[in-house]
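Trainee: Model the structure of this input:
(chains A and B)
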Amino acid sequence: MVIIGENIHVIAGVVNQAIKVRDSKPIQDLAKSQVQAEADYLDLNLGPLTKNPEETIRWVINTVQQVTDLPLSLDTMNPVAMEAGLPLCNKRPLINSASGKKDSKERMLPLAKKYNCDVVVSVINDRGMPPDVEMKTESIMDTVAHANELGIPSEDMWVDPIVLPVSTAGEGQCFAQASLEFIKIIAEVLPGIKSTVGLSNISNGAPNELRPLLNRTYLVMLQRYGLYSAIADPLDKEIMSLIQGEMTDVVSLIYRIMDGEVIDLSSLSQKEIDYVKTARVLTGEVLYSDAWLD
Amino acid sequence: MTKEVDNTEYKAPIEFNTGVTNVIALGKPEGETVRIGGENILPFHFFDDGSWPNPPVFALQILDREPPEDLPNFLHEPFKDAVHDPAKWAKKVEEFDYVDAIQLYLLSTDPADQDSPPEKAAEVTRRVAETTSLPLIIYGSGDPDKDAKVLPAVCEAVDGMNYLIGPVQKENYEVLGKAILAHGLFASVQTPMDINLLKEVNVKLGHFFPLERIVIDPLSPALGYGIEYTYSLMERIKQLGEIIKDKMTQMPMIADFATEVWRSKQAGENEEQGILWEAMTSLSLLTAGANILTHRHLKSMKLVKEMYESEVKQWQK
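Mentor: Okay, the predicted model is just below:
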């Protein structure tokens, strides 16, 4: 699985401040630590970039490329910034992201063709966020067909079902299922297509200390269904072990929960029990609450 | 090719759920008691395999102080000679035999009302409990900090009387849970229309408090003020408890709308409209699966209870 390191993120106070004062060190430190943790791409999440979009993105790209030659995922919804950044990338970059919205189809998607790079395409469209797997699939088929017409091959597109927090009252668990289903069927629906998710959003709103457990378990579930890549935290060593096949006992427990098996907890370690309980929440078998491990 | 017509007789499916709602008996040992819970069918699904053995409990709300000026006069007309004394008020309620229980709402303890002290609330509660043989549902102001001081004193005053005490909230469940348990009472656990939070508080409370002593209060707004959220939440609680057998939702439920209804502009406008406003709120949440319904107007209670007894009770099993 391709891991796109998520840690250079403008919402993080330290990153925001570093960009503001043009201080290279915090950003280069984050880049280096993710490289060391074996990330495959580095995501540069710069938000909407309302002020000095071109100059800012150029500075961030150059700053990061001084310490690594990993390919970059340029993460901004601002097409002006995106176009300023793409030519600077040393390796074939990833546009993160385009969608089925009119504006995005007209201004963001064509950049993938113009600069011959990969592009994340989300299921969002002008009607908003498609809630279930049918509507997500319908939306992505429209957008991918449009992109194909622009001359972007399916192999260059990484489709994103948009993962939403499982903790959202009433609907979160349905959303988690819908994104899983989407990943499960998408290779058949759109041959050659790649896929990705913004993994950490699954645990948004959950207690901070428990978030990694939701992220890891959900990633194992998605990987089983053929997920190609994830924007995730490579500094979480357990995430890396799980996807690299070093924790087969835990992985097989999660698979058994997905298959609806009833598992006797008495023979399991505390860590395994936590994974089982988390998988039960993510499959929708057990109602979510912040105290799901209790 | 001609299509074959399927002539086999249609048979409606009959559901059978294995999750059973906990049974709770409220009321002091020497007084009248009411039972709630025990159901394993969805509300009014008497055609399914299973039962809903205990009819809904209708509780009339009284206050620990004279009714505030902003409440319409007609609301307390039958009690106008008694409202200055909560104990007399409670005694008077017994004259209306369709009232199953009394909800004593400790309005005066609210910091936004008179901010009256815990000792006073305990004294009022003690006197009401001594006077009436009806089961009591005792509700604090809903201010979590103040309730954490008031309700433990109240619990002590009604030790061993099997009353229902609320609202227990996420901010004060530890203090209140201990007090309620120590005095052999029941907890009405309130979360603001959020199924995940509801489960969480029950899980945490359940670490030291028996789940069989919990009633779920999902927060009930009045008709026209978001009642549909509570309606679907109650439906979901029943489904999770009975079909999925989630132990954290297998509790009976209280629809505590009396305060909310009479806060609405529509209910206060005129008496007939007010009665119907409260009755429609009650009837809606009854069909969603509420086990206890709190009314403030006697006539709205009579209306809904008579409707239940004439139209539904015959099916009850």
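Trainee: For stretch B:195-211, buried residues please.
Mentor: B:195-206, B:209 (16 or more other CB atoms under 10 Å in any protein chain shown). Glycine gets a C-beta too; all of them are placed from N, C-alpha and C.
Trainee: List the contacts of that stretch.
Mentor: Residues outside stretch B:195-211 that contact it (CB atoms under 8 Å, 6 or more residues apart in numbering or on different chains): A:167, A:169-170, A:172, A:287-291, A:294, B:22, B:168-170, B:173, B:177-178, B:180-181, B:187, B:189, B:191, B:214, B:216, B:218, B:233, B:236-237, B:240, B:246-251.
Trainee: So which of these are in strands?
Mentor: B:168, B:187, B:189, B:214, B:216 (DSSP state E).
Trainee: Okay, and the beta partners of the spatially most central residue of chain A?
Mentor: Centroid-nearest residue in chain A: A:Gly198, 2.3 Å away (criterion: CA atoms, centre = their mean). In this entry, A:Gly198 is beta-bridged to A:Ile231, by DSSP bridges.
Trainee: That one contacts A:Pro165, correct?
Mentor: No. Look at A:Gly198 against A:Pro165 with CB atoms under 8 Å: they stay out of range, at 11.1 Å.
Trainee: Helix or strand: which one has the residue of the stretch 1-150 of chain A found nearest chain B?
Mentor: Residue of the stretch 1-150 of chain A nearest chain B, by CB to the nearest CB: A:Pro131 (16.2 Å). A:Pro131 is located outside every helix and strand, with elements delineated by DSSP states H and E.
Trainee: and if you look at the one 4 residues further on?
Mentor: Using DSSP H and E, A:Met135 maps to helix A:133-150.
Trainee: Contacts only, for the residue nearest to the centre of chain A.
Mentor: A:6, A:160, A:162-163, A:231.
Trainee: Can you name the residues of the stretch 151-300 of chain B that neighbour chain A?
Mentor: B:194-200, B:203-204, B:207, B:236, B:240, B:244, B:246, B:248-249 (CB under 8 Å from any CB of the partner chain).
Trainee: Strands of the chain, residue ranges please.
Mentor: You didn't say which chain, so I picked chain A. Under DSSP E, chain A gives strands at A:2-9, A:41-47, A:72-76, A:94-100, A:118-125, A:157-160, A:194-195, A:229-232.
Trainee: could you do chain B instead?
Mentor: Going by DSSP E, chain B shows strands at B:24-26, B:34-36, B:57-63, B:101-105, B:136-139, B:164-168, B:186-190, B:214-217, B:254-256, B:292-295.
Trainee: so how many other residues sit close to the residue nearest to A:Asp233 when sequence neighbours are not counted?
Mentor: Leaving aside its sequence neighbours, A:Asp233 sits nearest to A:Glu6 (CB to CB, 6 or more residues apart in numbering or on different chains; 5.7 Å). Here the number of neighbours of A:Glu6 (other CB atoms under 10 Å in any protein chain shown) works out to 24.
Trainee: now do the one 3 residues further on
Mentor: Residues contacting A:His9 under the criterion other CB under 10 Å number 19.
Trainee: so how far is stretch A:145-153 from its chain's centroid?
Mentor: Relative to its parent chain, stretch A:145-153 has a centroid offset of 23 Å by CA atoms, centre = their mean, to the nearest Å.
Trainee: Also stretch B:274-281?
Mentor: Distance, centroid of stretch B:274-281 to centroid of chain: 16 Å (CA atoms, centre = their mean).
Trainee: how about the residues of the stretch 101-250 of chain A near chain B?
Mentor: Going by CB under 8 Å from any CB, the residues of the stretch 101-250 of chain A near chain B are A:167, A:169-170, A:172.
Trainee: Quick check: the farthest pair among those?
Mentor: Greatest spacing in those, by CB to CB: A:Ser167 and A:Gly170 (10.7 Å).
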